[in-house]
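Engineer: need the 3D shape of this:
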Amino acid sequence: MDAVSIALITISLLVGLILLGVHIAVSMCVVSVLAIWLATGKFEISISILSTTAYNAIKDYTFGVIPLFVLMGYLTNLSGASSEIFNAFNVLLRKIRGGLGMAVVGSNAVFACITGVSVASAAVFSKVALEPMTQLKYKKKFTLGTIAGSSVLGMLIPPSVLLIVYGMLASQSIGRLFMAGVIPGLVLSAVYCIGIYLMGRLMPSQVGGEVVKDARWTMDDLKTLVRPWSYIVLIAVSLGGIYLGWFTPVEAGAVGVLGAFLIALAKRQVTWAKLKDVLFETGYTSASILLLLIAAQMYSRAMSVSGILGVINNFINSLEIPPLGMIFVFIFVIILLGMILDSTSILLITVPLMLPYVTAGGFDLIWFGIIIVIAVEMGLLPPPFGLVIFAIKSSINDDTVRIEDLFSGAIPFVIMMFITLVILVFVPQLSTWLPSMMLK
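Structural biologist: Purely as a prediction, here's the structure:
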């Protein structure tokens, strides 16, 4: 059977299985086996490739970075990191209109350096920030939109699970990808804060009551400011160690876990029951990601064996679209997929298909990874899927909050993400400068 027919059959089957609710990893493995079977005519070969891939796909030492950084995130959350960081930013920014919204952005940016999952950030900060912002007369639509929009920083600022997955798929250095996410994450945070400030000036009714500009800091305020110092040190040691060449990403993850455990222990938050829950959650999350990576490797091999990649590459090259224009086409496709699929699944399906063109076009794969991750995260906010939106809705006990209000509140932040994305596309140095300065 020719490659085009195989592509049509397998892609249609993959979409159908996903829409029926079959787990994405299972769907990709089934489709991969079928594609190789149709290409070779031998069922035994497809099963053999599946079995060898299941072992070879994740046997590398580098994959240890996934459970380690996931565990680090759960341990720091156990010790109350989100509340302490949010309260500190609130003290810093309370004299500015919209300051509490900016505090949500800032605390999400710092929290992103500890946990690499946007949905987790959204669930945590919907509990931490919703009540204080409501008490200061912030409109719920604006409040929830701010929480949803800023939570995506968790997948951009390192350690990011999506950057790890992309690095595995694109055979790129995890450490360099982590460093590449720092400046874009800060740029996105700055764009968010500017947007919140402008909304506060143009739509003051949305952004809280009067600001008390002459409020002086008390001793309690100073204590609140210095309370998160342990998390700042933890971030500086783990990520700074990668930049300076002291640690590999896996070693940095191990150091981060040890530091997070000691912090939780010092704050007397460690019990056998809580530790058991943290370890089980780490296992569930890590196993899910690793299973998806196995499926992705199988999918990539199937695409190669069947000749689908060559057909797609020839088709793209035949289009009269400039290379940078094609990058925007990829971004548009990924945003659309984000409305119906989760972020990891989107990377697993699209990256193997896009990489040959990106490589042939001479684009930097580190830069492309940052662009793709932001595009994927944009897809987590609009309807109908809106994974982050539904995570917030499920984590709050307020029947007056409608899902429509959550989606409309997130729209300004989707626009700000797109503005940031355009900036990063045309100024690639924002993504590539810091990795180029890393010590070997």
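
Engineer: where in the stretch 1-150 of the chain is pLDDT low?
Structural biologist: 1-3, 57, 115-120, 123 (pLDDT under 70).

Engineer: C-terminal to the helix or strand hosting residue 4, what's the next element?
Structural biologist: Here residue 4 is covered by helix 3-19, with elements defined by DSSP states H and E. As assigned by DSSP H and E, the chain's next helix or strand after helix 3-19 is helix 24-40.

Engineer: returning to what we had before: flag every buried residue along the helix holding residue 4.
Structural biologist: By neighbour count with 16 or more other C-beta atoms under 10 Å, helix 3-19 contains the buried residues 3, 6, 7, 10, 14, 17, 18. Where C-beta positions appear, they are placed from N, C-alpha and C, glycine not excepted.

Engineer: distance to residue 333 added to these, as JSON lines?
Structural biologist: Below are these laid out as JSON lines (distance: C-beta to C-beta, whole Å):
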{"residue": "3", "distance to residue 333": "20"}
{"residue": "6", "distance to residue 333": "21"}
{"residue": "7", "distance to residue 333": "16"}
{"residue": "10", "distance to residue 333": "18"}
{"residue": "14", "distance to residue 333": "15"}
{"residue": "17", "distance to residue 333": "20"}
{"residue": "18", "distance to residue 333": "16"}
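
Engineer: just the buried residues of the helix or strand where residue 151 lies, please?
Structural biologist: Using DSSP H and E, residue 151 maps to helix 140-151. Across helix 140-151, burial judged by 16+ other C-beta under 10 Å covers 140, 141, 142, 143, 144, 145, 146, 147, 148, 149, 150, 151.

Engineer: surely the fourth one meets residue 129?
Structural biologist: Yes - using C-beta atoms under 8 Å, residue 143 makes contact with residue 129 at a distance of 7.2 Å.

Engineer: just the strands in the stretch 51-200 of the chain please.
Structural biologist: Ranges of strands within the stretch 51-200 of the chain: none, based on DSSP state E, counting those that start in this stretch.

Engineer: can you give me the helices in it?
Structural biologist: 65-78, 81-93, 99-112, 118-128, 130-135, 140-151, 161-170, 174-180, 182-202 (DSSP state H, counting those that start in this stretch).

Engineer: the third one versus helix 182-202: what angle between them?
Structural biologist: Read that as helix 99-112. On the basis of axes from the mean of the first three to the mean of the last three C-alpha atoms, to 10 degrees, helix 99-112 is oriented at 170 degrees to helix 182-202.

Engineer: and helix 99-112, what does it pack against?
Structural biologist: helix 81-93, helix 118-128, helix 130-135, helix 140-151, helix 182-202, helix 229-244 (3 or more C-beta pairs under 8 Å, 6 or more residues apart in numbering; DSSP states H and E).

Engineer: what angle do helix 65-78 and that helix make with each other?
Structural biologist: 140 degrees.

Engineer: restricting to C-alpha, output helix 99-112 in PDB.
Structural biologist: What follows is helix 99-112, C-alpha atoms only, in PDB (Å, rounded to 0.1, in the frame of the first residue of the first chain):
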ATOM      1  CA  GLY A  99      -1.200  44.800  41.700                       C
ATOM      2  CA  LEU A 100      -2.800  41.700  43.100                       C
ATOM      3  CA  GLY A 101      -3.300  40.500  39.500                       C
ATOM      4  CA  MET A 102       0.400  41.100  38.900                       C
ATOM      5  CA  ALA A 103       1.200  39.300  42.100                       C
ATOM      6  CA  VAL A 104      -0.600  36.200  40.600                       C
ATOM      7  CA  VAL A 105       1.600  36.500  37.500                       C
ATOM      8  CA  GLY A 106       4.800  36.900  39.500                       C
ATOM      9  CA  SER A 107       4.000  34.100  41.900                       C
ATOM     10  CA  ASN A 108       3.100  31.800  39.000                       C
ATOM     11  CA  ALA A 109       6.400  32.700  37.400                       C
ATOM     12  CA  VAL A 110       8.300  31.700  40.500                       C
ATOM     13  CA  PHE A 111       6.200  28.700  41.200                       C
ATOM     14  CA  ALA A 112       6.900  27.600  37.600                       C
END
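
Engineer: can you list the buried residues in it?
Structural biologist: Applying 16+ other C-beta under 10 Å to helix 99-112 flags 99-112 as buried.

Engineer: okay, these in TSV with distance to residue 42 next?
Structural biologist: Output for the buried residues of helix 99-112, formatted as TSV (distance: C-beta to C-beta, whole Å):
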residue	distance to residue 42
99	65
100	63
101	59
102	60
103	60
104	56
105	55
106	57
107	56
108	51
109	52
110	54
111	50
112	47
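
Engineer: which helix or strand contains the residue nearest to residue 389 when sequence neighbours are not counted?
Structural biologist: Nearest-residue entry for residue 389: residue 406, 4.7 Å, with adjacent residues in sequence omitted and distances by C-beta to C-beta, 6 or more residues apart in numbering. For residue 406, the element it lies in under DSSP H and E is helix 403-426.
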